[in-house]
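> just the structure for this:
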Amino acid sequence: MDSGITGADGRPAVVTVTAGEGGPAAAAPGEPAGTAAAVGVSGPAPAASGEPGTSAGTGPAPRVGIRFSAPAGEAVWSCTPGAARGLAAVLLRAAEETENAPGEHPVTVEAAGLRRGDVRDGDRAMTVESARLDGSTVHVTWRSGAGRSWTQAYAADAAVTLKRRGPEGR
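Presented below is the predicted three-dimensional model:
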(Lines give C-alpha, C1' and ligand atoms only; values in the text may rest on other atoms or scores of the structure.)
Protein backbone atom coordinates (compact mmCIF):
# COMPACT_ATOMS: atom_id res chain seq x y z
CA MET A 1 0.00 0.00 0.00
CA ASP A 2 1.41 3.39 -0.95
CA SER A 3 1.03 6.71 0.87
CA GLY A 4 -1.49 8.07 -1.64
CA ILE A 5 0.79 10.98 -2.55
CA THR A 6 1.38 11.41 -6.27
CA GLY A 7 3.50 13.65 -8.45
CA ALA A 8 2.12 16.03 -11.09
CA ASP A 9 2.04 13.11 -13.54
CA GLY A 10 -0.20 11.08 -11.20
CA ARG A 11 2.45 8.46 -10.42
CA PRO A 12 3.34 7.59 -6.81
CA ALA A 13 5.88 9.85 -5.07
CA VAL A 14 7.98 9.28 -1.98
CA VAL A 15 7.91 12.09 0.56
CA THR A 16 10.79 12.39 3.01
CA VAL A 17 10.67 14.82 5.92
CA THR A 18 13.83 15.63 7.86
CA ALA A 19 14.27 17.37 11.21
CA GLY A 20 17.22 17.89 13.52
CA GLU A 21 20.49 16.20 12.57
CA GLY A 22 21.13 13.05 10.54
CA GLY A 23 20.18 11.79 7.10
CA PRO A 24 16.66 11.61 5.70
CA ALA A 25 14.71 8.37 5.89
CA ALA A 26 12.06 7.51 3.28
CA ALA A 27 8.43 6.77 4.15
CA ALA A 28 7.89 3.15 5.06
CA PRO A 29 5.69 1.27 2.57
CA GLY A 30 2.21 0.51 3.87
CA GLU A 31 2.22 3.16 6.58
CA PRO A 32 -0.33 5.99 6.41
CA ALA A 33 0.85 9.39 5.24
CA GLY A 34 0.98 12.21 7.77
CA THR A 35 2.62 10.44 10.70
CA ALA A 36 6.23 10.86 11.72
CA ALA A 37 6.87 7.16 11.15
CA ALA A 38 5.29 7.28 7.70
CA VAL A 39 7.39 10.20 6.52
CA GLY A 40 10.61 9.11 8.20
CA VAL A 41 11.65 11.84 10.61
CA SER A 42 15.38 12.44 10.80
CA GLY A 43 17.57 15.45 10.03
CA PRO A 44 19.10 17.52 7.24
CA ALA A 45 22.73 18.56 7.09
CA PRO A 46 23.33 21.70 9.19
CA ALA A 47 23.87 25.02 7.42
CA ALA A 48 27.36 26.54 7.42
CA SER A 49 28.08 29.26 9.97
CA GLY A 50 27.19 32.77 8.79
CA GLU A 51 24.56 31.55 6.27
CA PRO A 52 20.95 32.67 6.57
CA GLY A 53 19.19 30.56 9.17
CA THR A 54 22.12 30.48 11.60
CA SER A 55 22.21 32.20 14.92
CA ALA A 56 25.36 33.62 16.46
CA GLY A 57 27.04 31.22 18.87
CA THR A 58 24.38 28.53 18.62
CA GLY A 59 24.96 27.16 15.12
CA PRO A 60 22.33 26.74 12.50
CA ALA A 61 18.71 27.59 13.27
CA PRO A 62 16.51 24.50 13.22
CA ARG A 63 15.14 23.58 9.78
CA VAL A 64 12.65 21.04 8.52
CA GLY A 65 13.43 19.52 5.14
CA ILE A 66 10.85 18.15 2.71
CA ARG A 67 11.89 16.03 -0.27
CA PHE A 68 9.43 14.88 -2.95
CA SER A 69 10.89 12.09 -5.06
CA ALA A 70 8.87 10.94 -8.06
CA PRO A 71 9.72 9.32 -11.40
CA ALA A 72 9.37 12.76 -13.03
CA GLY A 73 12.01 14.33 -10.75
CA GLU A 74 12.77 15.53 -7.27
CA ALA A 75 12.06 18.72 -5.32
CA VAL A 76 13.79 19.63 -2.06
CA TRP A 77 12.51 22.38 0.25
CA SER A 78 13.29 23.48 3.80
CA CYS A 79 11.52 25.73 6.28
CA THR A 80 11.46 26.75 9.92
CA PRO A 81 9.56 24.56 12.41
CA GLY A 82 6.88 27.28 12.62
CA ALA A 83 6.42 27.27 8.86
CA ALA A 84 6.21 23.46 8.95
CA ARG A 85 3.44 23.68 11.57
CA GLY A 86 1.67 26.26 9.38
CA LEU A 87 1.93 23.95 6.37
CA ALA A 88 0.57 21.07 8.43
CA ALA A 89 -2.39 23.20 9.56
CA VAL A 90 -3.16 24.26 5.97
CA LEU A 91 -2.96 20.63 4.80
CA LEU A 92 -5.27 19.53 7.63
CA ARG A 93 -7.85 22.21 6.76
CA ALA A 94 -7.70 21.26 3.06
CA ALA A 95 -8.14 17.57 3.94
CA GLU A 96 -11.19 18.35 6.10
CA GLU A 97 -12.72 20.57 3.38
CA THR A 98 -12.14 17.86 0.79
CA GLU A 99 -13.71 15.18 2.98
CA ASN A 100 -16.69 17.41 3.80
CA ALA A 101 -17.29 18.63 0.24
CA PRO A 102 -20.47 17.29 -1.31
CA GLY A 103 -19.91 14.41 -3.69
CA GLU A 104 -20.66 14.65 -7.37
CA HIS A 105 -23.78 12.53 -6.95
CA PRO A 106 -26.02 12.04 -3.94
CA VAL A 107 -26.10 8.56 -2.41
CA THR A 108 -29.29 6.77 -1.37
CA VAL A 109 -29.28 4.49 1.68
CA GLU A 110 -31.93 2.63 3.62
CA ALA A 111 -33.02 4.44 6.78
CA ALA A 112 -31.67 1.53 8.85
CA GLY A 113 -28.19 2.32 7.41
CA LEU A 114 -28.13 5.98 8.49
CA ARG A 115 -25.29 6.92 10.81
CA ARG A 116 -24.19 9.96 12.79
CA GLY A 117 -22.76 12.66 10.50
CA ASP A 118 -24.76 11.73 7.37
CA VAL A 119 -26.06 14.88 5.63
CA ARG A 120 -29.47 14.81 3.90
CA ASP A 121 -29.67 16.01 0.31
CA GLY A 122 -31.83 19.10 -0.10
CA ASP A 123 -31.95 22.89 0.10
CA ARG A 124 -31.30 23.02 3.85
CA ALA A 125 -28.52 21.27 5.73
CA MET A 126 -29.79 18.44 7.95
CA THR A 127 -27.28 16.20 9.70
CA VAL A 128 -27.99 12.90 11.45
CA GLU A 129 -27.31 13.23 15.18
CA SER A 130 -28.45 9.67 15.96
CA ALA A 131 -30.40 6.79 14.44
CA ARG A 132 -32.06 4.08 16.53
CA LEU A 133 -33.66 0.95 15.09
CA ASP A 134 -36.86 -0.12 16.87
CA GLY A 135 -38.20 -3.23 15.13
CA SER A 136 -39.06 -2.17 11.58
CA THR A 137 -38.91 1.56 12.41
CA VAL A 138 -35.87 3.80 12.54
CA HIS A 139 -36.00 6.88 14.76
CA VAL A 140 -33.62 9.50 13.31
CA THR A 141 -32.66 12.64 15.19
CA TRP A 142 -31.71 15.39 12.75
CA ARG A 143 -29.93 18.68 13.46
CA SER A 144 -30.42 21.65 11.16
CA GLY A 145 -27.69 24.09 10.13
CA ALA A 146 -29.37 26.57 12.49
CA GLY A 147 -28.89 24.20 15.44
CA ARG A 148 -32.49 22.98 15.84
CA SER A 149 -33.05 19.25 16.27
CA TRP A 150 -36.03 16.93 15.86
CA THR A 151 -36.73 13.22 15.60
CA GLN A 152 -38.41 11.61 12.63
CA ALA A 153 -39.57 7.98 12.19
CA TYR A 154 -38.90 6.01 8.98
CA ALA A 155 -39.59 2.48 7.84
CA ALA A 156 -36.25 0.63 8.12
CA ASP A 157 -36.18 0.03 4.35
CA ALA A 158 -37.18 3.61 3.39
CA ALA A 159 -34.81 5.25 0.87
CA VAL A 160 -33.09 8.37 2.21
CA THR A 161 -31.01 10.46 -0.20
CA LEU A 162 -27.83 11.90 1.28
CA LYS A 163 -25.55 14.66 0.11
CA ARG A 164 -22.64 12.92 1.84
CA ARG A 165 -21.93 10.09 4.25
CA GLY A 166 -20.66 10.65 7.76
CA PRO A 167 -17.42 9.00 8.89
CA GLU A 168 -17.36 5.22 9.46
CA GLY A 169 -17.23 3.81 12.96
CA ARG A 170 -19.30 6.38 14.79
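
> surely Val64 is in contact with Ala19?
Yes - here Val64 reaches Ala19: they are 5.2 Å apart, a contact under Cβ atoms under 8 Å. Using the backbone N, CA and C atoms, a C-beta is placed for each residue, glycine as well.

> settle it for me: which of these two has more neighbours?
Val64 (22 against 18; other Cβ atoms under 10 Å).

> circling back to that earlier point, hey, what's in contact with both of Val64 and Ala19?
Pro81 (Cβ atoms under 8 Å, 6 or more residues apart in numbering).

> now do the buried residues in the helix ranked longest in the chain.
Looking across the chain with DSSP state H, the single longest helix is helix 81-100. Neighbour-count burial for helix 81-100 flags Ala84 (criterion: 16 or more other Cβ atoms under 10 Å).

> which helices and strands sit right next to it?
Applying 3 or more Cβ pairs under 8 Å, 6 or more residues apart in numbering; DSSP states H and E, one finds that helix 81-100 contacts strand 64-70.

> three-state assignment of Ala8?
Judged by DSSP: H, G, I helix; E, B strand; the rest coil, the three-state class of Ala8 is coil.

> count of residues packed around Ala8?
Counted by other Cβ under 10 Å, the residues lying close to Ala8 total 10.

> one more: Arg67?
Neighbour tally, Arg67, other Cβ under 10 Å: 20.

> what is it paired to in the beta sheet?
Thr16, Val76 (DSSP bridges).

> I figured it hits Val15, correct?
Yes - Arg67 lies in contact with Val15 (Cβ under 8 Å); the separation is 7.2 Å.

> got the confidence number for Glu129?
Note on Glu129: pLDDT of 94.

> then Ile66?
Looking at Ile66, the pLDDT reads 89.

> I figured it hits Val17, correct?
Yes - in this structure, Ile66 is within contact of Val17 by Cβ under 8 Å, at 5.7 Å.

> show me where pLDDT drops low in this structure?
Scanning the chain for pLDDT under 70 picks out the ranges 1-3, 20-59, 99-104, 167-170.
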